[in-house]
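Peer 1: The sequence and its predicted three-dimensional model are supplied below.
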Amino acid sequence: MSAAACSREDAPRGTVWLYGLHAVAAALANRRAGCVACVTEDAEVPGGEAAATWPLQPERVDRARFDQLLGRDIAHQGAALLADLLAPPSLQHVLERPGPIIVLDQVTDPRNVGAILRSAAALPPPR
């Protein structure tokens, strides 16, 4: 499958578009199954550090096609990955892990998620 064949609305069932250089790199580093990785020239940095280290050869897509795939207002940084969905952990498994639990609902801007995670990391540990 190529990026040209699959927008957000018609992505295969059980997949999701992940976007942004760090999100795509982290998903691939954690062996997240990916169907298609694509980049624009915006994502290509001097020396090719970003996509060159990915275990999956990205497809080069022009900026206009990227906007069609993901939407014009998406902050994708020129990198996206069509990835298999992760199985959600059980509530029991989550509660057994140490550390804080953050529950989010209907957050649509990834910058908000980053701000929430940074704020949570700055909080002192519970006593």
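Peer 2: Yep, that arrived. Residues are numbered from 1 along each chain as shown.
Peer 1: I am assuming residue 100 contacts residue 120, so please confirm or correct that.
Peer 2: Yes - the criterion here is C-beta atoms under 8 Å, and residue 100 meets it with residue 120 at 5.7 Å. For glycine as for every other residue, the C-beta is placed from the backbone atoms N, C-alpha and C.
Peer 1: Neighbour count: the two, which is higher?
Peer 2: Shown here are residue 100 and residue 120; by other C-beta atoms under 10 Å, residue 120 has more neighbours (12 against 9).
Peer 1: mind listing what the more buried one touches?
Peer 2: Residues counted as contacts of residue 120 (C-beta atoms under 8 Å, 6 or more residues apart in numbering) are 100, 102.
Peer 1: For residue 26, see how far away it is.
Peer 2: With distances taken as C-beta to C-beta, to the nearest Å, residue 120 is found 18 Å from residue 26.
Peer 1: Just the strands from this protein, written as ranges.
Peer 2: Ranges of strands in the chain, per DSSP state E, are 15-19, 34-39, 59-60, 79-84.
Peer 1: what's the least confident stretch among these?
Peer 2: When the strands of the chain are compared by mean pLDDT, strand 34-39 comes last with a mean of 67.
Peer 1: Which residue is the nearest non-sequential neighbour of residue 102?
Peer 2: residue 120 (5.5 Å; C-beta to C-beta, 6 or more residues apart in numbering).
Peer 1: where in this protein is pLDDT low?
Peer 2: 1-12, 32-57, 126 (pLDDT under 70).
Peer 1: And the helices in it, which stretches?
Peer 2: For the chain, applying DSSP state H gives helices covering 21-29, 49-52, 63-70, 91-96, 110-122.
Peer 1: what angle sits between the last one and helix 21-29?
Peer 2: Taking axes from the mean of the first three to the mean of the last three C-alpha atoms, to 10 degrees, one finds helix 110-122 and helix 21-29 inclined to each other by 70 degrees.
Peer 1: Noted, bye for now.
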